[in-house]
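Colleague: Give me a model of this one.
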Amino acid sequence: MSGHSKWASIKHKKGAVDAKRGKVFTKIIRELTAAAKMGGGDPDTNPRLRTAIQTAKAANMPAENIERGIKKGTGELEGVTFEEVSYEGYGPQGVAVLVKCLTDNKNRSAAEIRSIFNKTDGSMAGAGSVAWLFEKKGFIVVAKDKATEEQLMEVAVGAGAEDLGADGSAFEIMTPPHDFEAVREAMEKANIPMLSAEVTMIPKTEVSVTANSARNVIKLIETLEDHDDVQNVYSNCDIPEEVMKEVS
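Modeller: The predicted structure follows:
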């Protein structure tokens, strides 16, 4: 889990910069629209929409923007139809990269994502090439000064979490996807603040790379994440500590 939390910490810092450029709002609105289209506009019966709304609120998105994004998905307002698509490829030293997009033009997105891979020492690969290296999991991070390991064992594991570990100044909780909502709700009821809570793709194994390659992988992932169609990027790169200090 440590590799995932390392990258999560990079994304956390980068998110503050993206917010200033409006990148975060653009991506969240697309997710709100897609979630509402797939599962309806009621967050009580649509876990994906509920998660998207919580993400929007955490990013301080105005309520009217949230409502507008949902209504575009339910058809109450006109809007662009977004389609979910994944792209797979490799970065330096054979690092696996999985890209999740919401796009209104798959051909354009594929060409532009391929171009990003090529320009950053990576290469696109066929469907299924790297997806099998990842598994879908609920992932929750809690600062160590906000809860004890015993508390988390009782609350999170009691609600269905399958793994609890520590990395640096935080505890990391892993859940099966179908138990994520129950665990997060249990954490909220216990008034345990979470640094992050998401259903994500966790690498089954990590690839150790040199410091220079790690920098190039970070450049590849950041360039992909800057693309408007890209919602999430996952990698199995094990980032060396000295590189983490540079980007933190």
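Colleague: mind checking how far Gly79 is from Pro240?
Modeller: Relative to Pro240, Gly79 is positioned 43 Å away (Cβ to Cβ, to the nearest Å). C-beta here means a position set from N, CA and C on the backbone, and glycine is covered the same way.
Colleague: What helix or strand is Gly138 located in?
Modeller: Using DSSP states H and E, Gly138 falls within strand 134-143.
Colleague: Please list all residues in contact with Ala166.
Modeller: Ala166 makes contact with Lys144, Glu149, Glu172, according to Cβ atoms under 8 Å, 6 or more residues apart in numbering.
Colleague: Ranking by neighbours, what's the top pick from these?
Modeller: Using other Cβ atoms under 10 Å as the neighbour test, the contacts of Ala166 are led by Glu172, with 22 neighbours.
Colleague: Quick check: which ranges of this protein have low pLDDT?
Modeller: 1-22, 247-248 (pLDDT under 70).
Colleague: Where do the domain boundaries of it fall?
Modeller: Using automatic domain parsing, the domains assigned to the chain come out as 2-74, 83-132+206-240, 133-203.
Colleague: Could you provide the ones you listed in JSON lines, with additional columns for distance to Glu246?
Modeller: Formatted as JSON lines, the domains of the chain follow (distance: least, Cβ to Cβ, whole Å):
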{"stretch": "domain 2-74", "distance to Glu246": "10"}
{"stretch": "domain 83-132+206-240", "distance to Glu246": "8"}
{"stretch": "domain 133-203", "distance to Glu246": "16"}
